[in-house]
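A.B. asks: Okay, predicted coordinates and the sequence, questions at the end:
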Amino acid sequence: MEPSPLLNDPLRTKGTAFTEAQRREHGLLGLLPHSVTTLDEQVRRSWNEVRRQATDLDRYVYLRSLQDRNENLFYSVLAADVPTALPLVYTPTVAEGCRRFSELWRRPRGLYLSWPDREHLREMLRNRPHSDVDVIVVTDGQRILGIGDQGVGGMGIPVGKLSLYTLIGGIDPARTLPILLDVGTDNADLLDDEFYLGWRHRRIDDEAYVAFVEDIVAAVEDEMPDVLLQWEDFATPHAAPILERYRDRLLTFNDDIQGTAAVALGALQGAAAVAGTRLRDQQVVMLGAGSAGIGVMDMVRQEMIDEGASDDEARAHCWVVDVRGLLTTDRDDLSDDQRAFAHDPSDVSGWGVDGLPGLGDLVEHLDVGVLLGLSTAQGAFTEEIIRTMAAKVDRPIVFPLSNPTSNAEARPADVDDWTDGKALIATGSPFPPLSRDQKGEHADRDIPVAQCNNVYIFPAVGLAVTAARATRVTDAMMRAAARALGDASPALADSHAPLLPAWADVRDVADGIALAVAAQAVADGVAPKADDDELRAAIRRTRWSPGY
Ligand SMILES: NC(=O)C1=CN([C@@H]2O[C@H](COP(=O)(O)OP(=O)(O)OC[C@H]3O[C@@H](n4cnc5c(N)ncnc54)[C@H](O)[C@@H]3O)[C@@H](O)[C@H]2O)C=CC1
Ligand SMILES: CC(=O)C(=O)O
Ligand SMILES: [Mg+2]
């Protein structure tokens, strides 16, 4: 006899929670231990197991296995303690999960579209586990968080992101599809690894790559014309060009460029309110000129213009530094996106710096109010840099946003210390709260550090476009997401509170963001007409919650 399909279907099983009547009805008698448990008991038993594991990587493996076994239980476990679960299924632990993907392989999930099988693309797409899909997250594994090329191991990211689409954005897990484009890897360690499960070959050249991506997009358009296609962790040379090629053709966005920009702007809104300044009056410095950094600066510049600055004034207040130094117009190694932020060398010629100014020169010669990091450069926000900044502005805004934790440009506790608690801080990965002396002058309690991560944005965008039946993701929709998140900043009401909402509230916040994004989609003419009440009702209907 076949094993019971119901018992082993992760989307329908209840495991030990099948009642006696259900066990009899579905032929499960004898297949389960005698006791019938509740979902709540299963959740407590699972958390007990999670805690019992020796390391966070073991906890990640346990939770991923639980997801493959019983999705209702998996999401109930995550929902029971979001702040503890998030770092286990997402940054930082997912980085280790990607690094050791082949070694840890258990069960298939999603689609692996490999270059050697390119003749069978349509067939592979039709083999997807569930035919009706609302959201795809796709990566080619070339720039996973800040840890570089992970080849097929990059699959950990679409899987992780989609579990947050479900947990936070309420997207039905049966309607999500992680995809890994396997176009080889340039990671020598992986190519030498006897257990490597991907296509053991160097990455294909750009011409072949562009054609392969085009074939995949065309096949997705035919097979799943209404799906939201999210591009994730593509290397900078591919990320923006892919977005530009497809953003007006299908329902799509790039999370690292647009999602990161929206969360950063949302957090900056809270920070600016506490600091009592407008963004347009600040000198904003970004360390990192990759797709994430440039995406954030694009939105920062637009915000300055919306605050009344001219385009020239906004550009004059934005400074971007990469591994070589300041972006300047006389450099010949910049893309058009980067060139938009390049300063004329005459802007800095009076500084007496030999070569390109670095971050230290900028904080010395400018009153930098906002310092953002999307550089992967651990510790690049040094004590000297932060102290120099803090000596010039009342409330320095410092966001070390690189992931995972080991790539952060600074540790919040250090920044807090170096600025005597004046800095307004947000990080990309989770950090412990800042401890406060009960008698301290700044606050009378520990302060959580806001995690400025695109996870505040993408689940809400997915919920919005699914509920509103949107056909495009416009820039205005991403701005609406940023504003709605900024409006939910606890710091607006309490200057000692974190800049972004608590994880316990994140699903309610996602509903609010989704409403703003859906309304903007209607206003932009990329979703059918509906008023706010209708959109609210659609969001409620769309939201999936775990349970039996
Ligand atoms: N918090 C969040 O939600 C997000 C964080 N990120 C993080 O942003 C980081 C960068 O992502 P991408 O832009 O795609 O990467 P990328 O590798 O394309 O860009 C990195 C940039 O930083 C510069 N850089 C590298 N080392 C440097 C150094 N020592 N000093 C100054 N500049 C340096 C490089 O020249 C390059 O311009 C990653 O760590 C990623 O995890 C990305 C998306 C979202
Ligand atoms: C958070 C994210 O998308 C990244 O670090 O790439
Ligand atoms: Mg990413």
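C.D. replies: Sure thing, it's come through. Ligands and ions are numbered 1, 2, ... in the order given.
A.B. asks: average pLDDT for stretch 167-185?
C.D. replies: The average pLDDT within stretch 167-185 is 98.
A.B. asks: Low-confidence stretches in the chain?
C.D. replies: Residue ranges of the chain with pLDDT under 70: 1-3, 437-444.
A.B. asks: The same query, at a cut-off of 80, please.
C.D. replies: Where the chain drops to pLDDT under 80, the residues are 1-4, 436-445.
A.B. asks: Report the central residue of it.
C.D. replies: Centroid-nearest residue in the chain, with C-alpha atoms, centre = their mean: Asn454, separated by 3.6 Å.
A.B. asks: got the contact list for the residue of the stretch 301-450 of the chain found nearest ligand 3?
C.D. replies: Per C-beta to the ion, Asn403 is where the stretch 301-450 of the chain lies closest to ligand 3, at 7.6 Å. C-beta: built from backbone N, CA, C; applies to glycine. The contact partners of Asn403, taken as C-beta atoms under 8 Å, 6 or more residues apart in numbering, are 91-92, 95, 145-146, 428-429, 453.
A.B. asks: repeat that with 7 Å
C.D. replies: Residues in contact with Asn403, defined by C-beta atoms under 7 Å, 6 or more residues apart in numbering, are 91, 145-146, 428-429.
A.B. asks: One more: Ile294?
C.D. replies: Counting by C-beta under 7 Å, 6+ apart, Ile294 has contacts 337-338.
A.B. asks: try it again with 6 Å
C.D. replies: Applying C-beta atoms under 6 Å, 6 or more residues apart in numbering, we find Ile294 in contact with Asp337.
A.B. asks: Name the nearest of the contacts of Asn403 relative to Asp193.
C.D. replies: Ranked by distance to Asp193 (C-beta to C-beta), the contacts of Asn403 are led by Leu145 at 19.4 Å.
A.B. asks: Settle this for me: that closest one is touching Val94, isn't it.
C.D. replies: No: Leu145 lies out of contact with Val94 (C-beta atoms under 6 Å); the separation is 7.7 Å.
A.B. asks: how close does the residue of the stretch 301-450 of the chain closest to ligand 3 get to Ala272?
C.D. replies: According to C-beta to C-beta, to the nearest Å, Asn403 and Ala272 sit 24 Å apart.
A.B. asks: try Arg109
C.D. replies: Taken as C-beta to C-beta, the span from Arg109 to Ala272 is 41 Å.
A.B. asks: Who has more neighbours out of those two?
C.D. replies: Ala272 (27 against 18; other C-beta atoms under 10 Å).
A.B. asks: what's the closest non-adjacent residue to the more buried one?
C.D. replies: Nearest-residue entry for Ala272: Leu279, 5.7 Å, with adjacent residues in sequence omitted and distances by C-beta to C-beta, 6 or more residues apart in numbering.
A.B. asks: May I have the residues that are in contact with that neighbour?
C.D. replies: Applying C-beta under 6 Å, 6+ apart, one finds that Leu279 lies in contact with 272, 303-304.
A.B. asks: The stretch 401-548 of the chain: helices as residue ranges?
C.D. replies: In the stretch 401-548 of the chain, helices defined by DSSP state H, counting those that start in this stretch lie at 412-418, 458-468, 475-487, 506-523, 532-542, listed in chain order.
A.B. asks: got CSV for those, with mean neighbour count and distance to Gly184 too?
C.D. replies: Shown next, in CSV, are these (neighbours: other C-beta atoms under 10 Å; distance: least, C-beta to C-beta, whole Å):
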stretch, mean neighbour count, distance to Gly184
helix 412-418, 20, 38
helix 458-468, 30, 27
helix 475-487, 23, 32
helix 506-523, 23, 36
helix 532-542, 16, 38
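A.B. asks: is it possible to export the ones you listed to CSV including distance to ligand 2?
C.D. replies: Converted to CSV, the helices of the stretch 401-548 of the chain look like this (distance: least, C-beta to the nearest ligand atom, whole Å):
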stretch, distance to ligand 2
helix 412-418, 17
helix 458-468, 8
helix 475-487, 14
helix 506-523, 15
helix 532-542, 23
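A.B. asks: Columns distance to Gly355 on top of these, output as JSON lines?
C.D. replies: Conversion of those to JSON lines gives the following (distance: least, C-beta to C-beta, whole Å):
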{"stretch": "helix 412-418", "distance to Gly355": "27"}
{"stretch": "helix 458-468", "distance to Gly355": "39"}
{"stretch": "helix 475-487", "distance to Gly355": "36"}
{"stretch": "helix 506-523", "distance to Gly355": "43"}
{"stretch": "helix 532-542", "distance to Gly355": "53"}
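A.B. asks: for those helices, which one sits closest to ligand 3?
C.D. replies: helix 458-468 (9.3 Å).
A.B. asks: what about the closest one, distance to the chain center?
C.D. replies: The gap between where helix 458-468 is centred and where its chain is centred comes out at 15 Å by C-alpha atoms, centre = their mean, to the nearest Å.
A.B. asks: Pull the number of nearby residues for Ala267.
C.D. replies: When neighbours are defined as other C-beta under 10 Å, Ala267 has 30 of them.
A.B. asks: For my notes, confirm it occurs in a strand.
C.D. replies: No: counting by DSSP: H, G, I helix; E, B strand; the rest coil, Ala267 is located in no strand; its state is helix.
A.B. asks: who's in contact with it?
C.D. replies: Neighbours of Ala267 in contact, by C-beta under 6 Å, 6+ apart: 426, 450, 452, 499-500.
A.B. asks: Point me to the helix or strand that includes Ile136.
C.D. replies: Assigned by DSSP states H and E, Ile136 falls within strand 135-139.
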